[in-house]
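*Asks:* Whatever this is, show me its structure:
(one chain, ligands or ions: 1)
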Amino acid sequence: MSETTPVQQQDVSAAPAKVNLMGLSEEKMIAFFASLGEKSFRASQVLKWIHQMGVIDFDAMTNISKALRSRLQDVAEIRLPEVIEQLDSSDGTRKFLIRVDGGSAIETVFIPDGERGTLCVSSQIGCSLDCSFCATGKQGFNRDLTAAEIIGQVWIAAKSFGQFGERRPRIITNVVMMGMGEPLLNFYNVVDSMNLMMHDNCYCISKRRVTLSTSGVVPALDKLAGLTDVCLAISLHAPNDELRNELVPINKKYPIAVLLASAQRYIASLPDNHRKITIEYTLIRELNDRPHHAHELAELLRDIPVKINLIPFNPFSLVNYQRVSNNALRNFQEILTKEGFIATVRTTRGDDIDAACGQLAGSVNDRTRRSERYRAMSAQVDALEADLTKNAAEEPIRFIAT
Ligand code: SF4
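*Replies:* As a prediction, this is how the structure comes out:
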């Protein structure tokens, strides 16, 4: 990738602070070792120790001199968020409840499916976007996760499956940024984390197996090309603006046509230009599940390279929406298939441990009242947009403890 990302939103108050190496991208790791007067190969060594071997104790990094290890103990740390609970479902789904700094908790879910093992990773503590069908949105918003807290979720899951070390079986084959939060509102930390997931010295997951899902933060989506080349999913959930405004409030700021145009620009920018955009469509009984909605969706997506993922809504206590009926679901899928689309149905997994789609709630210390949510979201998007207009490559790389 041609650009690097600046370090975002980290605490500078407690000096002298140790640098947390857990979330440093390759570029930042190289710059960190350069700041110690060390050569760039040290970055590759430490990335491998952390993300391939699962080693977070400097003393166990045996190809690094004792003197440098001692220096690292003084100026750096490798710090992970803390696992509060690990829940295993009868269908093999595994959910991690993870405590992050500040006392809130986030959730990460692993979903096995034959040879494939997908980890659903969170990007924020809560979410300000307040989509009407989403349990996370109902929790409010606390803060963005740091890159260490995002990639830390992958590390924690890999550790739990004994995946670290040479010639260990790869259990986590796919990652989706579809957990708690809107990933593009935590832009730089998410980009750095996804690039670590794909890096040869780290988790080595194919770019075709890492997917970022967005509700439609268009300025950030426009910035994505050139910084990463992951797959893209759009949380659409409605075939027209009127209905989407109700379900996904950010649509009032960036309507469907603007969002789909941005998504197409991103896909067109990828070197392997055969990739499709995944369209996520949560079906809610008698709200967006009627045949005319399916026809309207087909019309909307007619000339766009997409595959459609239909997600039956998973009811939870804070909303009155109902799960789509099996008949309506089948009908909807059939209409799309006849219209020439690939339309799959996401089966509900991990229901017995509240790990299904839209059910992730964690434990969020909310700083906003619901009535203020939309304004808070707008302010967040505006601030991000202003930030993104700066050229990231011109930003100095700073190292601040997390
Ligand atoms: S669906 Fe995604 S963007 Fe919308 S409130 Fe939930 S976590 Fe946020």
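*Asks:* For the stretch 1-150 of the chain, what lies in contact range of the ligand?
*Replies:* Counting by C-beta under 6 Å from any ligand atom, the positions of the stretch 1-150 of the chain adjacent to the ligand are 127, 129-131, 134, 136-137. C-beta here means a position set from N, CA and C on the backbone, and glycine is covered the same way.
*Asks:* how about the strands in the stretch 151-300 of the chain?
*Replies:* Taking DSSP state E, counting those that start in this stretch, the strands of the stretch 151-300 of the chain run over residues 174-177, 210-214, 231-235, 277-283.
*Asks:* mind giving me the domain ranges of the chain?
*Replies:* Using automatic domain parsing, the domains assigned to the chain come out as 19-79, 82-386.
*Asks:* ranking those by mean pLDDT, which is last?
*Replies:* Within the domains of the chain, confidence is poorest for domain 82-386, with a mean of 91 (mean pLDDT).
*Asks:* Span of that one from start to end?
*Replies:* End-to-end span of domain 82-386 (C-alpha to C-alpha, to the nearest Å): 33 Å.
*Asks:* Let me see the ranges of the helices in the stretch 101-250 of the chain.
*Replies:* 135-138, 147-160, 187-198, 218-224, 241-247 (DSSP state H, counting those that start in this stretch).
*Asks:* With mean neighbour count and distance to Arg79 as extra columns, can I get these in JSON lines?
*Replies:* Formatted as JSON lines, those follow (neighbours: other C-beta atoms under 10 Å; distance: least, C-beta to C-beta, whole Å):
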{"stretch": "helix 135-138", "mean neighbour count": "25", "distance to Arg79": "25"}
{"stretch": "helix 147-160", "mean neighbour count": "24", "distance to Arg79": "7"}
{"stretch": "helix 187-198", "mean neighbour count": "26", "distance to Arg79": "15"}
{"stretch": "helix 218-224", "mean neighbour count": "21", "distance to Arg79": "27"}
{"stretch": "helix 241-247", "mean neighbour count": "17", "distance to Arg79": "38"}
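*Asks:* quick one: contacts for the residue nearest in space to the middle of the chain?
*Replies:* Nearest to the geometric centre of the chain sits Met177, at 2.4 Å (C-alpha atoms, centre = their mean). Counting by C-beta atoms under 8 Å, 6 or more residues apart in numbering, Met177 touches 121, 123, 183, 190, 194, 210-213.
*Asks:* So which of those residues is the closest to the ligand?
*Replies:* The ligand has its nearest neighbour among those in Ser213, at 7.6 Å by C-beta to the nearest ligand atom.
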